[in-house]
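>>> The amino acid sequence is not available; the structure is as follows:
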C-alpha cells in the first residue's frame, strides 16, 4: 500500500510562486507514475500535470503550461509541482496521485491519492 502526503500549500498573491511536494511511503515511488490534480469548490477534480516513473514523459493541462513544472526525485520518493505566475483561478485543493497506469493520471482514477493541499491565490 502506498501513502502520499502533500505539503507546501498556502496563501500567495497573484503573480507569486509556490512549490508543492508529495512524499510517498509504504513502498518506493518507482515504478509508479505520479501526477497532480486540483479541485475547487465549483468544479470536479481535474488533471494538472503528470510525470512517468522514469521522468521521460511529461504532460500538462493547457492552462498551466509554461507556468507549472512537475519534477520528481525517486531517491527521495518525492514528486514536486513548482507553480509560478499564479492566478486567482489556480485557487484549489491540490492532490497528489500515483498509479502504474499512465492513463489513470489523466482520467482521475488513480490507485493512490494524497489528502490534498490548499492553494489560495489572492488578487
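Yep, that arrived. Every value quoted in this text rests on a predicted model; they were computed, and no experiment measured them.
>>> Other residues contacting the lowest-mean-pLDDT helix or strand in the chain?
None of the helices or strands of the chain scores lower by mean pLDDT, DSSP states H and E than helix 104-107, at a mean of 89. Contacts with helix 104-107, where a contact means C-beta atoms under 8 Å, 6 or more residues apart in numbering, come from 33-35, 47, 50, 59, 97, 99, 110-111. Bear in mind the C-beta positions are built from the backbone N, C-alpha and C, glycine included.
>>> same question, stretch 41-58
Here stretch 41-58 has contacts from 29-39, 59-61, 64, 68, 70-72, 74, 79, 81, 94-95, 102, 105-106, 108, using C-beta under 8 Å, 6+ apart.
>>> what about that stretch, start to end distance?
Start to finish, the residues bounding stretch 41-58 are 27 Å apart (C-alpha to C-alpha, to the nearest Å).
>>> How far does stretch 32-49 sit from its chain's centre?
7 Å (C-alpha atoms, centre = their mean, to the nearest Å).
>>> now stretch 83-99
For stretch 83-99, the distance to the chain centre is 7 Å (C-alpha atoms, centre = their mean).
>>> end-to-end on it?
Termini of stretch 83-99 sit 23 Å apart (C-alpha to C-alpha).
>>> That stretch - what's its average pLDDT?
For stretch 83-99, mean pLDDT is 97.
>>> Just the buried residues of it, please?
Burial within stretch 83-99, assessed by neighbour count using 16 or more other C-beta atoms under 10 Å, is assigned to 83, 86, 90-99.
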